[in-house]
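Novice: Take a look and give me a structure for this.
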Amino acid sequence: MQDLDEMYREYYGDVYRYLRGLTADEQLAEDLTQETFLRAMRSVKGFRGDCAFRVWLCQIAKNLWYSHCRKARHTADLSEAETVPDELHLAELIADKDVAMQLHHRLHTLREPYKEVFMLRVFGELGFEAIGEIFGHTAHWACVTYHRAAAMLRDTMKEDA
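Specialist: Below is the predicted model of the structure:
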């Protein structure tokens, strides 16, 4: 296993970018990245090597983000609660089982390829490049298709609200 300082230098950017994409907040992403490495350093002996170290770090980061979302939801004013999924709050909404079920039901009403691209991105955690490859298209196509699917889901959620 590499030196922890070396791992920090090597993987900090990857973990930060991952969290920046989830949070859409530079400061929060930086704070969660620091916390990710703190947690990783505490439990590095438990790393079994079943996956790449980068993947393990991103799993820790994702769990910290979900914890942050749950805490924020409990402290948020209910009048400001967001019932329409958007990219900034998607992870938080999925953490709520009732909303996640509504989202899944609406997701299955989408036509292809929107449904599958959205599922691969959100639930499969694939990057746009990988999704584009699967469909034989570019990463840009995958990105546009994902954002269109998210907009369709937002629209259906607004209609029901």
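
Novice: which helices and strands does the helix or strand that contains Val55 pack with?
Specialist: Per DSSP states H and E: Val55 is located in helix 53-75. Helix 53-75 is packed against helix 4-23, helix 26-43, helix 90-95, with contacts defined by 3 or more C-beta pairs under 8 Å, 6 or more residues apart in numbering; DSSP states H and E. (Each C-beta comes from the backbone N, C-alpha and C, glycine too.)

Novice: And these: which comes nearest Glu133?
Specialist: helix 4-23 (19.0 Å; C-beta to C-beta).

Novice: returning to what we had before: mind putting the helices and strands packed on helix 53-75 in TSV, mean neighbour count and mean pLDDT included?
Specialist: Putting the helices and strands packed on helix 53-75 into TSV (neighbours: other C-beta atoms under 10 Å; pLDDT from 0 to 100) gives the following:
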stretch	mean neighbour count	mean pLDDT
helix 4-23	16	84
helix 26-43	16	88
helix 90-95	18	52
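
Novice: wait, doesn't Asp14 sit right on Val55?
Specialist: No. If you go by C-beta atoms under 8 Å, Asp14 and Val55 don't touch, sitting 9.9 Å apart.

Novice: Least confident secondary structure element in this protein?
Specialist: Taking mean pLDDT, DSSP states H and E as the measure, the helix or strand of the chain with the lowest value is helix 90-95, at a mean of 52.

Novice: Now stretch 47-58: buried residues?
Specialist: Phe53, Trp56, Leu57, Cys58 (16 or more other C-beta atoms under 10 Å).

Novice: Is the first one in contact with Tyr11, as I believe?
Specialist: In this case it means Phe53. Yes. Between Phe53 and Tyr11 there is a contact at 6.9 Å, judged by C-beta under 8 Å.

Novice: okay, now Asp155: neighbour count?
Specialist: 11 (other C-beta atoms under 10 Å).
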